[in-house]
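>>> The sequence and its predicted three-dimensional model are supplied below.
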Amino acid sequence: MNNELSQLLQAIMPWVTKFGLALAIFFIGRLIAKWLSRRLEIFLSQHGTNALLARLSQNTSYIAMLLLVTLASLEQLGIDTTSALAVFGAAGLAVGLAVKDSLSNFASGVLIAIFEPFKVNHYVEAGGTSGTVVEVDLFNTIMLTPDNKRVIVPNSVVYNGVIVNYSAEDTRRVDLVFGIGYEDNYVKACEIINSVIASESRILKEPEAIVAMGELADSSVNINVRPWVINADYWNVRASLLEKIKSEFDANGISIPFPQQDVHMHQAG
């Protein structure tokens, strides 16, 4: 009985040793891979790489190193790694076909990270939504609308469509149109507008604001008003100009007409 037990132990001990070494290689290697990938993310972040690209590099490097560790563990068990790679390839192809939409979002996330059409805290119009970008992860872009709704847009929808970035430049032009009546004094109206612009300290001196005839419309003479401001002041300056110019027009008897139609009625004899 003792001889049989001894023979059994002698037979299984090499496999136990191999299995133990394989487990040690896998778990220790996984810890090293996690530490190295984390150090890579920290290094990239400290050298100016944007957060999304740094996180993407971390995840990709971790997966690559974990695959190498897994292959090393299988090699320790005596498993043919060539066959294992073929199995991994077939499984990867099947998974890729099943999650092709997610892979498309992932690829678009990579392109967003590389080319940076926008950054976090930029106000953009993309994927049919307008809002402030609060986060860009590997699969989605998360935006906060002006009325505080959180919108999650797939990266493929964002990157494959038109992107309007309102925050990319330091300055922005305020485009306003004021209509006055045909009987009102056009020169005086322009003087009032220029006076209001001159009194607004947030309007930039360069480029110079434009106040010019825009259109002789059906019911009004339209004046184009085009001042430049710091991007952060855009909405406040726009609202201030509308309020002040309207008040000055009222105080000086300048009318802002509404569309009108003359209806002529003829009585049949």
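That came through fine. Numbering: from 1, shown residues only.
>>> any low-confidence regions in the stretch 151-269 of the chain?
Along the stretch 151-269 of the chain, the parts satisfying pLDDT under 70 run over 259-262, 264, 269.
>>> Apply 90 and report the result again.
Applying pLDDT under 90 to the stretch 151-269 of the chain picks out residues 218-219, 256-269.
>>> Have a look at the chain and report its longest helix.
For the chain, the helix that runs over the most residues, judged by DSSP state H, is helix 2-46.
>>> hey, where'd the strands end up in this protein?
Using DSSP state E, the strands assigned to the chain run over residues 123-126, 129-136, 140-144, 150-154, 164-165, 171-173, 176-180, 210-216, 221-226, 228-230.
>>> Would you tell me which of these gets closest to residue 35?
strand 129-136 (25.6 Å; CB to CB). Yep, even glycine has a C-beta here, placed from its N, CA and C like the rest.
>>> same for that closest one, what does it pack against?
Applying 3 or more CB pairs under 8 Å, 6 or more residues apart in numbering; DSSP states H and E, we find strand 129-136 packed against helix 100-115, strand 123-126, strand 140-144, strand 150-154.
>>> how about CSV for those, with mean neighbour count and distance to residue 178 added?
Listed next are these as CSV, based on neighbours: other CB atoms under 10 Å; distance: least, CB to CB, whole Å:
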stretch, mean neighbour count, distance to residue 178
helix 100-115, 16, 40
strand 123-126, 20, 26
strand 140-144, 21, 32
strand 150-154, 15, 34
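>>> Generate a markdown table for these, with distance to residue 31 as supplementary columns.
Shown next, in a markdown table, are the helices and strands packed on strand 129-136 (distance: least, CB to CB, whole Å):
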| stretch | distance to residue 31 |
| --- | --- |
| helix 100-115 | 26 |
| strand 123-126 | 39 |
| strand 140-144 | 30 |
| strand 150-154 | 33 |
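>>> ok, the residue lying closest to residue 215 once chain neighbours are set aside - how many residues close by?
Nearest residue to residue 215, sequence neighbours excluded (CB to CB, 6 or more residues apart in numbering): residue 222, at 4.3 Å. Neighbours of residue 222 under the rule other CB atoms under 10 Å: 14.
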